[in-house]
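[1] below is the sequence, then the predicted model.
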Amino acid sequence: MTYSRCKCPSTPENLERLRSVGPFDGWLRGAVIQFKYHGEWARAAHLSEPLAAAVAHLQDVDALIPVPLHPARLRQRGFNQSLLLAQHAGDLLGLGVKDALIRTRRTDAQVHLRAEQRMVNVAGAFAVKPSIPVAGLSIALIDDVVTTGSTLSACAEALISAGATSIQAASLAREM
């Protein structure tokens, strides 16, 4: 397995860097779908190994922060795939995981939205939990799949507003 060092097609707004394990196709697509939608939680450990390699190529990371699910989506799915990935990758790298972000409102599923609709859908939808300080930290956001980067940008905006000094991201897959 290889991971993509490129910032293809471009790095989303508010992020210094984005690294992904590979394109969202082939075996990686299948693995992500089975993990995310069919409850194959055991895949988290296996998928986190290449994700940790991608995170290791980011610069000066203090903590990993997973992209949050809305509580209703979390109840429906039963787990936050980004949190599981972050926990496993953090263990491999010796980095702490801060479950610092919340969704302030329910958003539509992004999968069927065009790029401009995605930006509007997630704008202002994230906030930092007051009980988890991020000021002065260099953060690596963790997500399973990046399509347009709208979600990561919205998360980064919330973290920057809370005083984080650097926001980078890593994902398993990226739509190319």
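    Structure received.

[2] and the next helix or strand past the least confident helix or strand in the chain by mean pLDDT?
    Across the helices and strands of the chain, mean pLDDT, DSSP states H and E gives its lowest value to helix 115-122, namely a mean of 64. Downstream of helix 115-122, the first helix or strand assigned by DSSP states H and E is strand 126-128.

[3] now do that next one: which elements does it pack against?
    Packed against strand 126-128 by the contact rule (3 or more Cβ pairs under 8 Å, 6 or more residues apart in numbering; DSSP states H and E) you find strand 101-103, helix 150-161. C-beta: built from backbone N, CA, C; applies to glycine.

[4] parallel or antiparallel, which strands does the first one pair with?
    Read that as strand 101-103. Partners of strand 101-103 in the sheet, by DSSP bridges, are strand 126-128 (antiparallel).

[5] avg pLDDT for the strand it pairs with?
    The average of the pLDDT scores along strand 126-128 is 92.

[6] show me what contacts E40?
    By Cβ atoms under 8 Å, 6 or more residues apart in numbering, the residues touching E40 are Q34.

[7] would it count as being in a strand?
    No - counting by DSSP: H, G, I helix; E, B strand; the rest coil, E40 falls outside a strand, being coil.

[8] what helix or strand does the residue nearest the centre of the chain sit in?
    Taking Cα atoms, centre = their mean, the centroid of the chain lies closest to D143, which sits 2.1 Å from it. Using DSSP H and E, D143 maps to strand 138-146.
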